[in-house]
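Enquirer: next one to model:
(one chain, ligands or ions: 1)
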Amino acid sequence: MKHFISIAIDGPAGAGKSTMARAVAKELGYVYVDTGAIYRTVGYYIQLCGIGPRDVDSVTRLIDEVNVELRYPEDGVQHMILNGQDVTDEIRSPEMSDYASKLSTLEVVRDFLLDVQRDMARTHNVVMDGRDIGTVVLPDADVKIYLTASAEVRARRRLAEFQAKGDKKMSYETVLRDIRQRDDRDMNRKIAPLRCAKDAVRLDTSELTIAQSVDAIKEIVEKRLGR
Ligand code: DC
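Expert: Numbers count the residues shown, from 1 in each chain. Next up, the predicted model:
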């Protein structure tokens with residue numbers, strides 16, 4: 001059976017995982033899998049049903065109604081298809097960030113998504129980013145990177161993203177508070193918390209530009225893959 005290569009990139013919100021993972025995947029010709037988007041898509045459905053993210057019984061009852069597909073059209077963007085409908089843009093609001101983070105603490109949700117993520121890695125060369133890829137989803141990944149940066153730097157980057165999208169209302173203090181809350185929840189939940197895997201290379205991008213970070217990641221990947 002063909003062995004597909006998997007590169008796992010984990011880290012807290014705003015560390016630059018998606019920017020880096022997308023760039024590295026493009027360079028290598030691998031598929032970029034944004035697993036946060038998968039959690040957001042499930043969250044979007046459950047929220048539309050009017051259910052709170054901590055309501056385990058209702059989530060358990062509804063989760064089998066969710067069908068999540070990942071599509072990669074020509075624009076290279078991972079499109080999220082929820083029960084046949086493209087929800088790629090809808091899942092990106094700050095409300096969905098918070099909702100997905102809360103929902104992702106539930107075992108029933110994590111179990112439900114494990115196969116979706118592992119199937120992608122079984123059938124493609126992937127660069128997969130998330131919180132528990134190197135520790136739980138793909139413990140045998142060929143390369144593992146833990147990407148981080150200080151909360152302040154991550155908040156400044158997130159704020160710039162909001163502003164670039166035309167959202168001028170968001171303040172630095174609000175973004176920083178949201179990032180800290182999400183870090184706390186993602187790192188301290190009982191199941192599959194955000195951790196640096198023992199065999200992961202840790203990279204702090206606080207002082208690095210995007211280009212420098214991409215170069216540093218490429219170097220780690222080349223070394224690990226022996227190229
Ligand atoms: O990467 P993101 O910010 O889009 O992820 C949204 C939330 O989904 C994040 O706060 C926690 C959850 N998540 C997770 O628990 N495990 C993953 N592998 C990816 C995301």
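Enquirer: any residue of stretch 172-180 touching the ligand?
Expert: No - Stretch 172-180 does not reach the ligand (C-beta under 6 Å from any ligand atom); its nearest approach is 9.9 Å. Heads up, the C-betas are built off the backbone N, CA and C, glycines and all.
Enquirer: my error: substitute stretch 181-193 in the last question.
Expert: Yes - counting by C-beta under 6 Å from any ligand atom, the ligand has neighbours in stretch 181-193: 182, 186.
Enquirer: what's next to that stretch, contact-wise?
Expert: Residues from elsewhere that reach stretch 181-193, judged by C-beta atoms under 8 Å, 6 or more residues apart in numbering: 12-13, 97-98, 101-102, 104-105, 107, 110, 131-132, 135-136, 151, 194-195.
Enquirer: now do the contacts for Ala25.
Expert: By C-beta under 8 Å, 6+ apart, the contact list for Ala25 reads 31-32, 126-127.
Enquirer: and this protein, which of its residues are near the ligand?
Expert: So the chain meets the ligand at 13, 35-36, 39-40, 97, 100-101, 104, 130-133, 182, 186 (C-beta under 6 Å from any ligand atom).
Enquirer: again, 5 Å this time
Expert: Neighbours of the ligand within the chain, by C-beta under 5 Å from any ligand atom: 13, 35-36, 39, 100-101, 104, 130-131, 186.
Enquirer: quick check, Val178 in contact with Glu95.
Expert: Actually, residue 178 is Asp. It isn't Val. No - the criterion here is C-beta atoms under 8 Å, and Asp178 misses it with Glu95 at 10.4 Å.
Enquirer: between those two, which is the more surrounded one?
Expert: Between Asp178 and Glu95, Asp178 has the larger neighbour count (other C-beta atoms under 10 Å), namely 19 against 10.
Enquirer: excluding chain neighbours, what is closest to the more buried one?
Expert: The shortest distance from Asp178 to any non-neighbouring residue, by C-beta to C-beta, 6 or more residues apart in numbering, is to Pro94 (6.5 Å).
Enquirer: where does that neighbour fall, phi/psi-wise?
Expert: With angles defined as degrees, to the nearest 10, Pro94 sits at phi -60, psi -30.
Enquirer: contacting residues around Leu103?
Expert: By C-beta under 8 Å, 6+ apart, the contact list for Leu103 reads 39, 42-43, 46, 53, 59, 109.
Enquirer: just the ones in helices from these, please.
Expert: If you go by DSSP state H, these have 39, 42-43, 46, 59, 109 in helices.
Enquirer: which of the residues you listed sits closest to Asp75?
Expert: Using C-beta to C-beta, Tyr39 comes nearest to Asp75 of the ones in helices among the contacts of Leu103, at 22.2 Å.
Enquirer: what's the spacing between the closest residue to the closest one other than its chain neighbours and Glu74?
Expert: Leaving aside its chain neighbours, Tyr39 sits nearest to Ala100 (4.5 Å; criterion: C-beta to C-beta, 6+ apart). Separation of Ala100 from Glu74 (C-beta to C-beta, to the nearest Å): 27 Å.
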